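Engineer: sequence plus predicted model, see below.
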Amino acid sequence: MDKAISNNIKELRKLNKYTQKQLASILGVAQTTIANYEKGIRVPDAEMLQKIADIFNVSIDYLIGRKKVVNFNIDEVEKNHTIYLNYLLKGDNKDAQHYINHLVDNGMDIEKIYFNIFEKTLIEVGLLWETGKIDIWKEHFISEIILDTMKEVKSKVERLENMPYCIIGITAGPELHNIGIKMILDLLDLRGFSTIYLGSILPIYSLIDAIKVNKPDMIIISVTMWQYIESARLVIKAIKEAFPENTLKIVVGGAAFKDNPNLGISIGADKYCLTLKDILEILK
């Protein structure tokens, strides 16, 4: 247990960007005391444990290694998103990865990590690029880091029992913004659904073949850029012509539809879905 305390104090101090001297000042002790805590030479008493737990917003059970679940409220999630974004903008990729691992290991729900941290980070990075504050290479690089981190986060979460539904996800035409659809498919997969991501620039005849082979219950078409809405319309038209009697649902989503939710229906989709919850409601 002493080792857990020393490791957790050191980890929490670093994650919150405190030096030993700064933390010592907050706690009203000497810097050597903090150093001894982190080396396991000394163990904080009950009063000091409570002070440290309060500073880092964790429980004493977590601090001493008894509990690996921390309750995160929405304000903390917002703070986590800002910390993560700052790591990435400074190029501290290892620290960014370590930070997300810390959140996962301490009980943050994968949906919160995906939508409250990754998605918000991507939106802000996109705005920074559009306003000329960062170059396009950095926007692409951060996107790739998030994709890699998503794989690691997903590998840490236990998948539920298989559900009798198959879902195919694609991006419309040459649309290359695919992280949103990958997030949705990841979360559906963890809920036990069979998911297949077919990517971008997929020939329509190839999509039709994939539908014949896999017999999906739902097709999700993601469109981020408005100029690819026509590509989505052509894909939907081709699916309906190839499978006129099929009951599979065609769902559209993405930023291109947010200002006009009815646009998805007007191009032939069965439903416009804004959230994962919307998709799950259809699958019920």
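Structural biologist: Cool, the structure landed.

Engineer: quick one, strands of the stretch 51-200 of the chain?
Structural biologist: All strands of the stretch 51-200 of the chain, identified by DSSP state E, counting those that start in this stretch, fall at 166-171, 194-197.

Engineer: partners of the first one in the sheet?
Structural biologist: Partner strands for strand 166-171, per DSSP bridges, with pairing direction: strand 194-197 (parallel), strand 218-222 (parallel).

Engineer: low-confidence ranges in the stretch 101-250 of the chain?
Structural biologist: Counting by pLDDT under 70, the stretch 101-250 of the chain contains no low-confidence range.

Engineer: one more time with 80
Structural biologist: For the stretch 101-250 of the chain, the stretches flagged by pLDDT under 80 are 105-107, 246.

Engineer: what are the ranges of the helices in it?
Structural biologist: Counting by DSSP state H, counting those that start in this stretch, the stretch 101-250 of the chain has helices at residues 110-112, 119-130, 136-155, 179-190, 204-214, 229-242.

Engineer: which elements pack onto the longest one?
Structural biologist: Spelled out, it's helix 136-155. helix 74-90, helix 93-105, helix 119-130, helix 179-190 (3 or more C-beta pairs under 8 Å, 6 or more residues apart in numbering; DSSP states H and E). C-betas here are computed from N, CA, C, even on glycine.

Engineer: any idea which residue sits dead centre in this protein?
Structural biologist: By C-alpha atoms, centre = their mean, the chain has its centre lying nearest to Y114, at 1.6 Å.

Engineer: wait, what's in contact with the closest residue to I279 other than its chain neighbours?
Structural biologist: Among residues not flanking I279 along the chain, C273 sits closest, at 5.0 Å (C-beta to C-beta, 6 or more residues apart in numbering). Counting by C-beta atoms under 8 Å, 6 or more residues apart in numbering, C273 makes contact with 220, 251-253, 279, 282.

Engineer: out of the strands of the stretch 51-200 of the chain, which gets nearest to P203?
Structural biologist: Proximity of those to P203 was assessed by C-beta to C-beta; the nearest stretch is strand 166-171, lying at 11.2 Å.

Engineer: how about the closest one: buried residues?
Structural biologist: Neighbour-count burial for strand 166-171 flags 166-171 (criterion: 16 or more other C-beta atoms under 10 Å).

Engineer: cool, stretch 210-217 as well?
Structural biologist: Buried-residue list, stretch 210-217, by 16+ other C-beta under 10 Å: 210-211, 216-217.

Engineer: so which pair among these is furthest apart in space?
Structural biologist: Top of the distance list for the buried residues of stretch 210-217 (C-beta to C-beta): A210 and D217, 13.7 Å.

Engineer: wait, I113 sits on L103?
Structural biologist: Yes. Shown here, I113 and L103 form a contact pair, counting by C-beta atoms under 8 Å, at 6.2 Å.

Engineer: which neighbours do these two share?
Structural biologist: By C-beta under 8 Å, 6+ apart, I113 and L103 have no common neighbours.

Engineer: for A210, see how far away the residue nearest to S206 when sequence neighbours are not counted is.
Structural biologist: The shortest distance from S206 to any non-neighbouring residue, by C-beta to C-beta, 6+ apart, is to L198 (8.0 Å). From L198 across to A210, the span is 6 Å (C-beta to C-beta, to the nearest Å).

Engineer: what's the overlap in contacts for these two?
Structural biologist: With C-beta under 8 Å, 6+ apart, L198 and A210 have common neighbours I168.

Engineer: not counting residues beside it along the chain, what's closest to I9?
Structural biologist: Counting by C-beta to C-beta, 6+ apart, Y37 is the residue found nearest to I9 once chain neighbours are left out, at 5.2 Å.

Engineer: next, that neighbour: secondary structure please.
Structural biologist: Secondary structure assignment for Y37 (DSSP: H, G, I helix; E, B strand; the rest coil): helix.

Engineer: what about L283, how many residues nearby?
Structural biologist: When neighbours are counted by other C-beta atoms under 10 Å, L283 registers 15.

Engineer: pLDDT at K271, what is it?
Structural biologist: K271 is assigned 92 on the pLDDT scale.

Engineer: surely it touches V251?
Structural biologist: Yes. Counting by C-beta under 8 Å, K271 does reach V251; the two are 5.0 Å apart.

Engineer: give me the common contacts of these two.
Structural biologist: Listed contacts common to K271 and V251 are I282; contacts here mean C-beta under 8 Å, 6+ apart.
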